[in-house]
Every structure is written in C-alpha cells, then in structure tokens.
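Colleague: Prediction below, plus the sequence it came from.
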Amino acid sequence: MLTDLLLAAKNVMRHRRRSAFALAAIGFGVAALMLASGFIAWNFQYYREAMIASQLGHLRVHRAGYTENGVADPYAYLLSDNTPAMAAIASLRGVRMLSARLSLAGLASHGEATLPFIAEGVNPATETQLTRSLTMTAGEALSADDGAGVILGQGLAGNLGVRVGDPLVLLVNTGGGGINAMDARVRGIFTTISKAYDDTALRLPLASARKLMRVSGAHTWMVWLDDTAATADRLDDIKRITAAGSYEVVPWWQLSDFYNKSADLFAKQVGVMKVIIGLLIVLSISNTMTMGVMERTGEIGTAMALGDTRARLLRRFLAEALVLGTLGALLGILVGYGLATIISIIGIPVPAPPGMGHGYTGRILVTPVIAAGAVLLAVATTFVAGVYPAWRASRMVIVDALRRNRA
Amino acid sequence: MSFAGYPMVGLALRNLARQKLRSGITLGAIVFGVAGLVLTGGFVRDMFIQLGEALIHSQSGHLQIARTGYFEHGARAPERYRITDPEDARSLLAAIPGVDDVMARLDFSGLINNGRTDWPVFGQGVEAGKEARLGTYLRVIAGRMLTDRDRFAVTVGQGVAQVLKLRPGDQITLLVNTAEGSLNTAEFEVVGTFATFSRDFDARAVRIPLAAALDLLGTNGVNTLVVSLRDTAGTAALAASISGRFGSRPLEVRTWRELNDFYEKTVQLYQTQFGVLQAITLAMVLLSVANTVNMSVFERTGEFGTMMALGNRKRDIVGLVLTESALLGLIGSVVGIALGAVLALVISAVGIPMPPPPNANLGYRAFIRLVPEVIALAAGVGFMATVAAALLPAIRVSRVPVAEALRANI
C-alpha cells in the first residue's frame, strides 16, 4: 500500500501539467463550496445574534402557563421580585444579565390619533447595554430618572405623528377591570430588526409600567448570556433552579418565529443552490480526472506489457486520486480561507432585509465544519471520479493501449 | 484567417469528431455548466414569482385604489380618507379590460374583547364572496370563511384566536371609533379562523362583512377598492392607464409591489444573497470550462507540432483551436440549454417542497422557471468562456518550437 502511495505521489509529480489541472479543479471546487457555505452561515449567525440581542434574549423565565394564556389574562401570571430563584439565575456562570420585564397592551393617544400599542416595561438601569441593539433613530434611550419618558417604534411614532418631546397619553385596562391612564412624553424613537414589531412597539421604564398597570413584579425575566452556544446548558441549569416553583423557561429558539422560519426556508432554498454547486464541482472534478487518466492510455499499456496486473493498476490509479484529492483539498482550503478573509475585509453590502430598518455588511464565516464538509466532498468525489477511468484503464487490451504510444 | 475561414470550419468539425474523448469531456463541462446556470437562475426567479403571487392572493390584490393621501397618512386616521362614492369608481374600474374583479374594503382599528381582555386589532369590512375568490392563499384553520349571507359574523386571524382563546361559535365585542369621533360597539359571532402568508398580519387581523362594518362605523364610504387582474405581468401598465382615467376624482392607485414593502425588501435581499451564490456558480462554470479546454489543447501539443512541421503557420494553429472551441461552445451551450430546460421541466413537474417563508404560515412548492434572460446569459457564458479559455493555450501551444512540439508525440 505504501509503495502504491509512493508511486502515486511520484506519478503526480511527473505529470506536472495534468496534476496541476486536476488540482485546480479540486481546489476551485473546495474553495467555491467553502465560500458559498460560509456566506450562508454568516447570514444565519448575523440574524440570530441580532434577534437575540434586540428582542428575544437567550432565555426567558415566566410563571408556568404564561406562554399559553398570558396575553389573554396578563394579571394572573406575575413573577414576584427578589426571590431566591431570581438571584440564583443571575449569579449563574455565563449569564451576562438578568432583567425583569412587564408586558402590557393598550392605546396611545396624541392629538386626534389613537393607536393600539404593545409595550414592555423594561429596567433602564440593567438594559442600557442592550438597548443599544435597538437602534435609536431619534432622541435618547430610556432612563431610570425619567419616569414619563417612553420610546416608540418608528412605525408607531410615524402613524401617531409624534416627534421627540411630544406628549402622549397611554391608556390600559387594569386588573380590576378599570382603566388607568398616564401622561408620557416621547423620549426617543427606535427601530429593531422587525418592522412589524416597530409598528406597534413601545417601551417605558419598568417602574412606570408597574404604576400604570397597578401591579408589582414582572411577567418575564430576560436572561442574556455571554455566548449563544451555551444556551442549552444554561437552560438546564435554570430548569434545575426553578424546578421547585411553578416556572417555565423558554429558550430563544422557541420564540423567534421569524428567525426559525427564515432559517428553515433559507436553508432549503440555499440547499437547492448548494446541491447545484456541489453537482457542478463533482462533474468538474470527475471530468478532469477522467481526461487525465484517459490521456495516459499508452503509459498504462506499457505498464501492463511489463507485467503489472489489472488489480495493481486499479490500486495505483486510486492511490493517485487519493493523493490528488488530498493535495487539491489542502490547496482549496488555503484559497478558500484566503478569499473568505479578503471578501470579509471588503464586505458584501446587503440591503435591508424585510422587517429591518437598515442594511448591513455581509461577511463570510468559514467554520471548521464547513471546511471539513467541502474537503470531504472533494476528496470523495476525486476518489469516486478516479474509480471509473481507473477501472477502464485496467480493462484495456494491452496491444491497443500500447498502440496509443504511437498516435 | 480570412482566406482560410470556410475550410477551417470543416477541418475543426472533423477534428472534433476525431477527438471523441476530448471533445466529449469538454462538451460535458460546458453542458453541465450551462445547465447549472439555467437551473440556479430559474430557481431564484421562481422564489420571487411565488412570493409575489402569495402576497397578491392573500392580502393586497394586484392594485388598490384609494382616496389621495390614504396610503401616506391613512393609518393615522382611516376615517378621513374614504372613497365617498365607491359605486362610481367601481363601475369605472370594471369597464377596463384585464380587470378581473373589484372589491371594496373598509378599514378600522379597534379593540376586540372576549369578556376577559382586550386585544387591539386592525379590522376590515369585506365583500365576502369576492374576497373568497381572490384569497386563494387564505387558509381556514377552524370553522369557515365569511359568506355573503353573514351579517354579524367575524373571522379572526390565527394569532388573534390564539391570544384570546377564540373558537368558532364564541361571541366577541368589537369597539371602534365612528366617523363622528364617538365610540360604537357591536357583538359578533366568531365563525372561523384563518391564516395568511403573514404571521404579523394574522396576529392583528379580523374580517367582518362590509355591510356590518359600514353600520358599525356609521359611514357609506370605503377605504380601498381592491382590483384583481387576470395577469400579474400587466400590473404596472394597467395601473398607469387606470390613474389616467380618474380625471378630477381625488383617487390614487398603488400596485401590489408598492403595497408590500416586504416583497421589495425580500427581493432586494435575495438578489444580493443569491447573487453571491450565483456568482460562485458562475466562477465555478468558468473555471471548469477553462480547465477542460486548457487541458485538451495542451494534450494535443504533438499534433500541432506535426501540423507546423507540415508547413502550417502559427496563426493557422491559433485559428483552428479557436474555431474548434467556438464550435464546441456553440454545441455545448445549445445542448446545455436543452438539458437545463428538460431538467427544469422534470423538477417543476415534481416540485420542490419548501417550508413557509418568514412571516408566513404556509409552505409552498418551488419550481424552476425558464427565464429567457437567464437562458441567454447561460448560453453567452458557456460560449464566451469556451472561446476565451482557448485563446491563451492556443497562443502558447503555437509558440512551442516545432521540434519540441513534435517530441510530445513520442
């Protein structure tokens, strides 16, 4: 076997031009697949992190049953503050922040315009780092010192016709069946990744929200982690901590309908493209390999005339395919990483996705898994593509093959 | 070249026929490349068409006519932007050829109450029978659609039903502002739950019969006249001709593209994202064709040496190689298009099942469209790549000294 590999390596070296063509085909293939997959992977990651930072949080803790019935009956699912569970979650390793939120829905009035809103009372003190992911298009973010200052989604502000500094009246149903109102002032206007959300979204300081609803406590503890990959582990930790009480813990992937759907669809659509690119790579490599072996018919005749068995010839050509495949894949990885780095530095300008106020700069994210996938496809293709011509070469009639030397 | 032009083609053809293996392999590279481009381009186009049809048939119709200013400021005060004489506008529209149907909608926003809690909704009073014909993408989840016989019935979006725990047969109260600014309420019976292409829409949408909406709001004007056309492709032209016929009426028209910010944005985004993938495909095809053409030319160094030894000049060699490549490119492109078209038809006959798009509830079946521009581009790329790829090796091979080139025969 070792002799075969050695001979194969020597053959690859000897047929410099043919090897170069084969290496080019394999290398291009690997690089192309890496770039395609890497671009797709980057897009997914970008969406995910943006959604988590601006809206979802990595994990959410509610009263048990809140997800099912909470919106219809918000007053029955309040979490009390300062419980041991809350402190235990906040002190878990990898938890960047825990913040309480209160959800409420009602009507916002300015002048003659009255529109429904869906609001969240957030804690300005703890969420300052995150409100940055809400892009403020005008005014300032929430402040704990300004109880009346609320921020509005761009769509809601536009429809109400309010600007920063304008007064606003917020009207909600309270738990007792009465109505409560509050005088607010527009402190800022924001956009998130989702336009639909911006059309109805309003945020106000947690303390003001509690006053407006006449409750204490919160509906949700939002938990943000340092690393998205650790979500599943922390989910288990939090479930352990909260096992005693009636809580429910929801990870981000159960929340983001938009993310899940676009991920599913995009994966499928991109999958079709990837299959086509993969097929082109397979065909291109097998094309080059077939040609490379067929051009060497005369050489094969000579080898057989000198007493090489068919099995031996087959083995040697397969060994050559393996050597070419491995070298080509290494070359492809280098080219792929190089191109990915260059393209990422320049950036691909991507227009604003639906539901997002602004465009972004696309990059290419090459993970080891992506590189390994590309290499596997290329080496396997090269090997398989080597089988047929090698088999045909080994089936040749010696005299015919030898005659090719004189052609 | 000029004097040798015609014999050259014959010679090139015979060369191609003689070098069966090399011609076959080069053709393979071109054919697969061209077919690949036809398929990817057709697939991307299909995504745009499918999304557009889905939006037209679930919400917006092809065109909407409204009072001037409604589309800009209507969300703030729909009651101020109503078409006061809908019947006049309706008859105007119905007379235009290509218009399939015209239906009126009346918008309102209000609160719906299930006895426990309120939920803000955007409601529409609709002509049930006509909407049912337009809304082929509206899917009934529970109960049934509105019909022309319903009076105080409501269908609610899936999201609304979930939030308020509504089932067919439940009673709800709808609270709205009337035209004069006072509040009005009415009781409705939930008859069904629907899902559209947009989940955000479903979480806020309710539909009631137009007559009930007119009553509830105390008006006889409507907000929009939704026009469905026989053919989506003619939308822009018809929109222009319609707005020409308004005369002094304070009306404006919007096409479904203008109405769906979502669509334009998705198309733009996809064009970039899939553009990158298509660029990679294109590069792959170019390189693969160039690789094969290159290889094939260099393998024939001995043959060209023989030709030169027999007195052919360098430019004859270059001309011959280029003619051969051009012929290969031509044949390869034609076969590639044929293969791509056949594959596209076969795949389309089966369909590729796709999951629901973002903001949507319904999956769809993807096809591969045969797009003239894409086919032309694919053929152009196949042909140009082959000829361009042959140029450099042809020149290089023709520069090899005769003796050395001949030695390649041994």
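Modeller: That came in fine, so what should we check first? Model, not experiment: these values are computed from the prediction. Numbering: from 1, shown residues only, chains lettered A, B, ... in the order given.

Colleague: partner residues bridging the closest residue to chain B within chain A?
Modeller: Going by Cβ to the nearest Cβ, chain B is nearest to residue A:116 of chain A, at 2.6 Å. Any C-beta I mention is one placed from the backbone N, CA and C, and that applies to glycine too. Residues in a beta bridge with residue A:116, per DSSP bridges, are residue A:107.

Colleague: Enumerate every residue touching it.
Modeller: A:105-108, A:200, B:109, B:111, B:120-121 (Cβ atoms under 8 Å, 6 or more residues apart in numbering or on different chains).

Colleague: can you give me the strands for the chain?
Modeller: Let's take chain A. Counting by DSSP state E, one finds strands in chain A at the ranges A:59-63, A:95-110, A:113-122, A:135-139, A:149-153, A:167-173, A:179-191, A:201-205, A:220-225, A:247-251, A:348-350, A:360-362.

Colleague: actually chain B
Modeller: Along chain B, counting by DSSP E, strands occupy B:63-67, B:99-113, B:118-126, B:139-143, B:153-157, B:171-177, B:183-195, B:205-209, B:224-229, B:251-255, B:352-354, B:364-366.

Colleague: neighbouring strands for the fifth one, and are they parallel or not?
Modeller: Counting by DSSP bridges, the strands paired with strand B:153-157 are strand B:183-195 (parallel), strand B:205-209 (antiparallel).

Colleague: just the second one next, same as before
Modeller: Using DSSP bridges, strand B:99-113 pairs in its sheet with strand B:118-126 (antiparallel), strand B:171-177 (antiparallel), strand B:224-229 (antiparallel).

Colleague: re the thing from before, output the strands of chain A in TSV, with mean pLDDT and distance to residue B:129 appended to each entry.
Modeller: Rendered in TSV, the data for the strands of chain A read as follows (pLDDT from 0 to 100; distance: least, Cβ to Cβ, whole Å):
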stretch	mean pLDDT	distance to residue B:129
strand A:59-63	89	43
strand A:95-110	87	34
strand A:113-122	85	30
strand A:135-139	82	44
strand A:149-153	91	37
strand A:167-173	90	37
strand A:179-191	90	39
strand A:201-205	91	37
strand A:220-225	89	44
strand A:247-251	88	42
strand A:348-350	84	43
strand A:360-362	82	45
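
Colleague: count of residues packed around residue A:311?
Modeller: Neighbours of residue A:311 under the rule other Cβ atoms under 10 Å in any protein chain shown: 9.

Colleague: got a markdown table for the strands paired with strand B:99-113, with mean pLDDT and mean neighbour count too?
Modeller: Formatted as a markdown table, those follow (pLDDT from 0 to 100; neighbours: other Cβ atoms under 10 Å in any protein chain shown):
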| stretch | mean pLDDT | mean neighbour count |
| --- | --- | --- |
| strand B:118-126 | 85 | 22 |
| strand B:171-177 | 89 | 18 |
| strand B:224-229 | 89 | 24 |
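
Colleague: Which one of those lies nearest to residue A:57?
Modeller: For the strands paired with strand B:99-113, proximity to residue A:57 was assessed by Cβ to Cβ; strand B:118-126 is nearest, at 23.7 Å.

Colleague: chain center to that closest one, what's the gap?
Modeller: Here strand B:118-126 is found 30 Å from its chain centre; the criterion is Cα atoms, centre = their mean, to the nearest Å.

Colleague: what's near enough to touch residue B:86?
Modeller: Contact analysis of residue B:86 by Cβ under 8 Å, 6+ apart lists B:104, B:221-222, B:225.

Colleague: how many other residues sit next to the nearest residue to residue A:303 once chain neighbours are set aside?
Modeller: Spatial nearest neighbour of residue A:303, excluding adjacent residues (Cβ to Cβ, 6 or more residues apart in numbering or on different chains): residue A:313 at 6.3 Å. Close neighbours of residue A:313, defined as other Cβ under 10 Å, add up to 19.

Colleague: quick one: residue A:313 from residue B:289, how far?
Modeller: With distances taken as Cβ to Cβ, to the nearest Å, residue A:313 is found 30 Å from residue B:289.

Colleague: In the stretch 251-400 of chain A, where is pLDDT below threshold?
Modeller: Low-confidence segments of the stretch 251-400 of chain A, defined by pLDDT under 70: A:257-258, A:353-358.

Colleague: Get me the contact residues on it for chain B.
Modeller: Taking Cβ under 8 Å from any Cβ of the partner chain, the part of the stretch 251-400 of chain A that reaches chain B is made up of A:257-258, A:261-262, A:264-265, A:268-270, A:272-274, A:276-277, A:279-281, A:283-284, A:287-288, A:290-292, A:294-295, A:348-356, A:362.

Colleague: Run through chain B and note the low-pLDDT ranges.
Modeller: Filtered on pLDDT under 70, chain B yields the residue ranges B:1-6, B:58-59, B:74-77, B:135-138, B:179, B:197-200, B:262, B:357-362, B:410.

Colleague: Get me the contact residues on the stretch 1-150 of chain B for chain A.
Modeller: B:21-22, B:25, B:28-29, B:32-33, B:36, B:39-40, B:43, B:47, B:75-77, B:109, B:111, B:114, B:116-121.

Colleague: Drop anything exposed from those residues.
Modeller: Neighbour-count burial (16 or more other Cβ atoms under 10 Å in any protein chain shown) is assigned, among the residues of the stretch 1-150 of chain B next to chain A, to B:22, B:25, B:28-29, B:32-33, B:36, B:39-40, B:43, B:47, B:75-76, B:109, B:111, B:114, B:117-121.

Colleague: Tell me, how many residues neighbour residue B:19?
Modeller: 17.

Colleague: quick one, what contacts residue A:390?
Modeller: By Cβ under 8 Å, 6+ apart, the contact list for residue A:390 reads A:293, A:313-314, A:317-318, A:321.
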